[in-house]
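> Here is a sequence together with a model predicted from it:
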Amino acid sequence: MRRALAFFVAVSLLAVASCGSRTGLFGPAGDGALADGGLPDGRATGPDGTVPCVPGRFDLELATAQIMFVIDRSGSMQFELGRDRPADPGERRWDILRTSLDETFAPFDGELTMGAKFFPEPLTERDVASADRACRTETGVSVAPSRGNLESVLSVFDRTEPRGGTPTAEAVRLAAEFLVQSRTVARTLVLATDGAPNCNVNLDASSCVCTTPDVSCAGNPDRGRYSCLDDDRTVATIRDIAEGQNIPVFVIGIGSLGRPAFLEVLDQMAIAGGRPRAESPRHYNVQTAGEMTSALATIRDSVSKCTYLTPSSPIDPDEISVEVDGAPIDRDSTRQNGWDWVDQAYGELAFFGAACERVRTGAARVTGVVTCESK
């Protein structure tokens, strides 16, 4: 008992000492753990940078979110919403996504840390003739995360054109790789894509599902393999990001209803990302400009208003009782209605379903009672 009390006092003093350097979730360059051993949000940490277990009742704090958009820049983003045919400027999927991002996130530009990874890399019309160049995806991101960054993201829409393939797996992998370079909380990927993933040269063009309309991948094995449906690798990559790196991935499918096999892949991607819709389709299927804005607003609120931080993380994941205005909220590992850990080691949890609705106004008091007896 004395040891627990002494540890509690020591951690409390450390928390107080670190408040002087509190700068919110991120510094100017998206900093991770601070040099003094605390997290960027001012919480005290253990020797390895994680949140320690301290018994008691604590107020949970709304996390400041970091959103990395992973945006499809393939040639089909020039098509209409709901139809696979070229559209006039301003009516293209590309333009509607830009407008919706502006409308949805501009009011929150100073609060959210945002960045973007566009894929494939910017291409000329000559580049598209080469399957290898049409799938090019380079290390790094197009716009590094920062507050007040929305205009930088939108400017990429203005100065580049959608062309080329859909190297989804590599794009989300590289986006996550960039985020994990520093320790932060409430990190989220939002994948917006209108096409089935492809660009995996290791697939067999003679037997794969071909993503190119009215074209047989088997008819041109060298080029055809770039158009093979890259479903298994993409789903596995997203699952590793969500489960192995604790970065949730939302999936927005843009455009026509497409082939059933492609819609199934988008659902599998959404489930693997840990943030599927509660009903079918499991991904956010967007067919109109209004649905695009609605999907982005739902994701924005889920990320920015339903993710919380605890200053004490239990040893056992179930040794915390979470309450909203004094009413207990059950942990729900299915993430339908309740709360669940996003990253237990760093004290990050999120609310889902009706529980998310209860806290999203920001007026509710969210508390947690932590015990530290390992089972």
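Thanks, I have it.
> Going along the chain, name the strands of the chain.
Shown for the chain, the strands assigned by DSSP state E span residues 56-59, 61-62, 66-72, 113-119, 143-147, 187-193, 249-254, 284-286, 307-309, 320-324, 327-329, 338-343, 348-352, 366-370.
> Out of these, which gets nearest to Ala295?
strand 284-286 (3.9 Å; Cβ to Cβ). C-beta: built from backbone N, CA, C; applies to glycine.
> Parallel or antiparallel, which strands does the closest one pair with?
For strand 284-286, the paired strands and their directions (DSSP bridges) are strand 249-254 (parallel).
> Okay, now the unreliable bits of the protein?
Where the chain drops to pLDDT under 70, the residues are 1-49, 183-185, 213-215, 256-258, 374-375.
> Can you give the domain ranges for this structure?
25-60+310-370, 66-304 (automatic domain parsing).
> what would those look like in JSON lines with mean neighbour count?
Below are the domains of the chain laid out as JSON lines (neighbours: other Cβ atoms under 10 Å):
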{"stretch": "domain 25-60+310-370", "mean neighbour count": "17"}
{"stretch": "domain 66-304", "mean neighbour count": "19"}
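> ok, Val366 - contacts?
Counting by Cβ atoms under 8 Å, 6 or more residues apart in numbering, Val366 touches 59-60, 62, 308, 322-324, 359.
> which two from these end up farthest apart in space?
Greatest spacing in the contacts of Val366, by Cβ to Cβ: Leu62 and Glu323 (15.3 Å).
> How about the most centrally placed residue in the chain, nearest residue that isn't a chain neighbour?
Nearest to the mean C-alpha position of the chain, by Cα atoms, centre = their mean, lies Leu189 at 1.8 Å. Among residues not flanking Leu189 along the chain, Val249 sits closest, at 4.5 Å (Cβ to Cβ, 6 or more residues apart in numbering).
> didn't that neighbour look like it was pressed against Arg275?
Yes: using Cβ atoms under 8 Å, Val249 is in contact with Arg275, at 6.6 Å.
> can you list contacts of stretch 243-252?
172, 176, 179-180, 187-193, 238, 241-242, 266, 269-270, 272-276, 283-284, 286, 292, 295-296, 299, 302, 342-343, 346, 348, 350.
> scratch that, stretch 195-205
Under the contact criterion Cβ under 8 Å, 6+ apart, stretch 195-205 has outside partners 72, 74, 76, 120, 134-135, 137, 165-170, 211, 217-218, 220-222, 224-231, 233-234, 255, 258-259, 261-262, 265-266.
> how about a cut-off of 7 Å?
72, 74, 76, 135, 165-169, 211, 217-218, 221, 224-231, 233-234, 262, 265 (Cβ atoms under 7 Å, 6 or more residues apart in numbering).
> what's the straight distance from one end of that stretch to the other?
End-to-end span of stretch 195-205 (Cα to Cα, to the nearest Å): 18 Å.
> Distance from the chain centre to it, please.
23 Å (Cα atoms, centre = their mean, to the nearest Å).
> Same question for stretch 264-273.
Stretch 264-273 has its C-alpha centroid displaced from the chain centroid by 13 Å (Cα atoms, centre = their mean).
> Would you mind putting the CA coordinates of it into PDB?
The C-alpha coordinates for stretch 264-273 follow below in PDB (Å, rounded to 0.1, in the frame of the first residue of the first chain):
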ATOM      1  CA  GLU A 264     -16.400  -7.000 -51.200                       C
ATOM      2  CA  VAL A 265     -12.800  -6.100 -51.100                       C
ATOM      3  CA  LEU A 266     -13.600  -2.600 -49.900                       C
ATOM      4  CA  ASP A 267     -15.700  -4.100 -47.100                       C
ATOM      5  CA  GLN A 268     -12.800  -6.400 -46.200                       C
ATOM      6  CA  MET A 269     -10.500  -3.500 -46.100                       C
ATOM      7  CA  ALA A 270     -12.900  -1.500 -43.800                       C
ATOM      8  CA  ILE A 271     -13.200  -4.400 -41.400                       C
ATOM      9  CA  ALA A 272      -9.400  -5.000 -41.300                       C
ATOM     10  CA  GLY A 273      -9.000  -1.300 -40.600                       C
END
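> what's it in contact with?
So stretch 264-273 is contacted by 196-197, 229, 231, 234-235, 238-239, 242, 248-251, 253, 276, 281-283 (Cβ under 7 Å, 6+ apart).
> Confirm for me that Val303 is in contact with Thr64.
No: assessed by Cβ atoms under 7 Å, Val303 is found out of contact with Thr64, at 10.2 Å.
> tell me, what's touching the two both at once?
With Cβ under 7 Å, 6+ apart as the test, Val303 and Thr64 both reach Ala186.
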